[in-house]
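I would like the atomic coordinates for the input below:
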Amino acid sequence: MMFQASAVYGVTSQSQNKTGDVALTQMLDTLNIESDGNGGYQCADEVARARGCVPSNPFNTADSLAGQAGIVGFSQEAVDYIGIDTGQTGEIRQFVLKSTLSGDLPIELEEGALSFAAGIEYRKEEARETPDSFRQLGISRDLPIADIVGDFDVVEAFGEIYAPVAEWLNVSLAARVGNYSTVGTTSTYRLGIDAPVSDDFRIRASQSLSVRAPNINDLFSTGATGVAPTNTDPCNGVDLSTSGNIAENCRSISTIADRIDETGSFTLVASEANNTRLLQTGSLDLKEESANSMTLGVVYTPDSNWSVSLDYYDISIEDGITRVGPDVFVNRCYSVSPSDFDASCGGNLIRDTNDGPILNLRSTLINANTIDTSGVDLEVAYVQDNLNMNLVANFLGDYTVTGASGATEEFAGRPIYPDLRVTMSASYDVTDQINL
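So this is what the prediction gives:
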């Protein structure tokens with residue numbers, strides 16, 4: 001028997017800095033000017049003047065107050081006042097404790113003893129990402145972004161058994177059970193078969209279930225702010241004659257009903273349709289992704305120089321973590337039965353209390369995607385003295401994604417998922433120190 005234990009603690013830090021940005025509030029200070037009482041002009045805000053504010057004229061407009069005062073563009077003093085440095089700092093911490101017991105069991109099979117490995121692991125992950133205060137407040141040219149702070153830990157128990165059943169058959173079985181502070185209990189397994197049916201021919205196969213728990217960014221990201229597409233609001237165009245759950249739910253909102261009564265329909269003008277603030281965030285409601293995988297392959301080694309392997313794989317991923325489009329999200333919310341309708345979509349949607357358009361929308365990550373892929377991997381290796389040659393090819397048969405909206409899309413054959421991908425490499429050891 002062999003017992004092993006380890007402990008790992010790691011910290012990764014990063015810092016980014018960008019120069020040449022401007023503070024929008026300080027830019028406004030330079031545009032809001034007044035007479036200084038001595039024939040010139042100054043920034044109207046006394047506090048801004050104390051911080052170095054001087055007037056500017058960014059568009060060189062002659063008919064503006066600044067232009068009439070002879071101010072053209074930006075003086076160096078104005079540049080110094082409005083210029084800011086932006087950036088962010090980040091830190092990831094990981095702590096891992098692991099212990100493993102391995103060896104042979106007192107069970108003899110035809111080709112040897114049953115062997116095993118078992119253990120337990122504890123892992124804690126923490127992360128923090130802090131943008132500069134200008135971007136957090138939304139007063140730089142970049143989109144507003146909040147800081148990210150989060151952590152989770154997991155305890156996992158695992159075990160594996162290897163059984164040399166016969167001269168031509170080896171079987172392995174592995175399993176792992178984990179308990180996450182975020183998604184709860186998860187379990188995985190793998191059943192593998194290795195069958196050396198002859199000296200130069202081997203068959204291998206496996207069936208497995210694996211999971212990926214959401215990471216800190218998936219769970220805790222506070223997101224970046226943008227603008228939602230113009231087709232986001234399903235109430236746009238609804239009138240008194242429009243039928244269906246969406247129309248009925250839209251008319252149940254008083255500001256929309258009032259506008260329909262006044263104008264005949266709830267029709268957004270361009271400024272309203274283009275003014276929905278979209279915040280895309282993570283979600284603490286996420287659960288783990290799961291993948292069922294099956295592989296079946298052969299390995300042919302006719303001599304000590306050549307090795308050829310051919311493997312078929314079929315993988316199905318369920319509950320894939322994804323983000324639906326804002327229009328799909330709102331449509332789903334508004335298409336429910338009127339008795340179940342929540343106009344705020346769980347607190348993720350805010351409408352203007354006067355005229356009804358959507359002002360703010362929060363889009364969170366959800367478990368929705370299903371991915372099915374299959375194909376064949378080919379690997380050919382040749383070794384002769386100091387020469388090493390290798391060819392790896394993938395023949396992609398299928399890569400289908402079914403999204404949260406229920407739509408199915410085939411990606412196989414597209415540039416990022418080619419039907420055939422081939423990599424070839426060769427190296428030659430000239431000496432022990434030189435390799436070509």
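
secondary structure element holding the closest residue to residue 341 other than its chain neighbours?
Leaving out its chain neighbours, the residue that sits closest to residue 341 by C-beta to C-beta, 6 or more residues apart in numbering is residue 249, at 4.5 Å. All C-beta atoms are positioned from the backbone trio N, CA, C, and that covers glycine. Secondary structure assignment for residue 249, by DSSP states H and E: helix 245-251.

please work out the average pLDDT along that helix.
In this model, helix 245-251 has an average pLDDT of 96.

which SS class is residue 331?
Under the three-state scheme (DSSP: H, G, I helix; E, B strand; the rest coil), residue 331 adopts helix.

can I assume the residue nearest to residue 341 is in contact with residue 336?
Yes: Residue 249 sits in contact with residue 336 when judged by C-beta atoms under 8 Å, with a separation of 7.4 Å.

more neighbours, the two?
In this view residue 249 and residue 336 are compared by other C-beta atoms under 10 Å, and residue 249 has more residues nearby, 23 against 14.

show me what contacts that one?
Under the criterion of C-beta atoms under 8 Å, 6 or more residues apart in numbering, the contact partners of residue 249 comprise 334, 335, 336, 338, 341, 343.

and the first one, backbone torsions?
For residue 334, the backbone dihedrals are phi -90, psi -10 (criterion: degrees, to the nearest 10).

before we move on, back to that, continuing past the helix holding residue 249, what's the next helix or strand?
Next along the chain after helix 245-251, taking DSSP H and E as the criterion, comes helix 254-263.

name every strand pairing with the helix or strand just after that next one and say which way it goes.
Proceeding C-terminally, helix 254-263 gives way to strand 265-266 as the next helix or strand, assigned by DSSP H and E. Strand partners for strand 265-266, identified by DSSP bridges, are recorded as strand 238-239 (antiparallel).

sec struct for the residue nearest the centre of the chain, please.
Per C-alpha atoms, centre = their mean, the C-alpha nearest to the average position across the chain is that of residue 218, at 6.3 Å. When classified by three-state DSSP, residue 218 comes out as helix.

for stretch 104-123, buried residues please.
The neighbour-count criterion (16 or more other C-beta atoms under 10 Å) identifies 115, 116, 117, 119, 121, 123 as the buried residues of stretch 104-123.

from the residues you listed, pick the one nearest residue 366.
Of all these, residue 366 sits closest to residue 123, with 25.2 Å by C-beta to C-beta.

what about the helix or strand hosting that closest one, average pLDDT?
Secondary-structure element containing residue 123, defined by DSSP H and E: strand 112-131. For strand 112-131, the mean per-residue pLDDT is 94.

can you check stretch 31-45 too?
90.

pull the distance from that stretch to the chain's centre.
Using C-alpha atoms, centre = their mean, to the nearest Å, we find the averaged C-alpha position of stretch 31-45 to lie 50 Å away from the chain's own average C-alpha position.

now do the end-to-end distance for it.
Distance between the two ends of stretch 31-45: 10 Å, counting by C-alpha to C-alpha, to the nearest Å.

pull the residues that contact that stretch.
For stretch 31-45, using C-beta under 8 Å, 6+ apart, the contacting residues are 29, 30, 49, 53, 54, 55, 56, 58, 65, 66, 69, 71.

give the buried residues for that stretch.
Buried residues in stretch 31-45, defined by neighbour count with 16+ other C-beta under 10 Å: 33, 41, 42, 43, 45.

remind me, longest strand of the chain?
Using DSSP state E, we find that the single longest strand of the chain is strand 83-109.

name the helices or strands packed onto it?
Identification of packing neighbours for strand 83-109 by 3 or more C-beta pairs under 8 Å, 6 or more residues apart in numbering; DSSP states H and E yields strand 2-22, strand 112-131, helix 133-137, strand 148-166.

of these, which is nearest residue 225?
Evaluated with C-beta to C-beta, the helices and strands packed on strand 83-109 place helix 133-137 nearest to residue 225, the distance being 10.1 Å.

quick one: contacts of the closest one?
Contacts of helix 133-137 with the rest of the structure, by C-beta under 8 Å, 6+ apart, involve 21, 23, 84, 86, 88, 140, 142, 143, 144, 145, 146, 147.

show me the contacts for the third one.
Translated: residue 84. In this structure, residue 84 makes contact with 21, 22, 23, 26, 134, 140, judged by C-beta under 8 Å, 6+ apart.

turn the residues you listed into a markdown table, including distance to residue 259, neighbour count and pLDDT.
Compiled in a markdown table, those are given as follows (distance: C-beta to C-beta, whole Å; neighbours: other C-beta atoms under 10 Å; pLDDT from 0 to 100):
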| residue | distance to residue 259 | neighbour count | pLDDT |
| --- | --- | --- | --- |
| 21 | 40 | 18 | 92 |
| 22 | 38 | 19 | 93 |
| 23 | 38 | 18 | 94 |
| 26 | 39 | 21 | 95 |
| 134 | 38 | 22 | 91 |
| 140 | 36 | 23 | 89 |
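
now, among those residues, which is nearest to residue 423?
Distances from residue 423 to these, taken as C-beta to C-beta, are shortest for residue 21 (42.1 Å).
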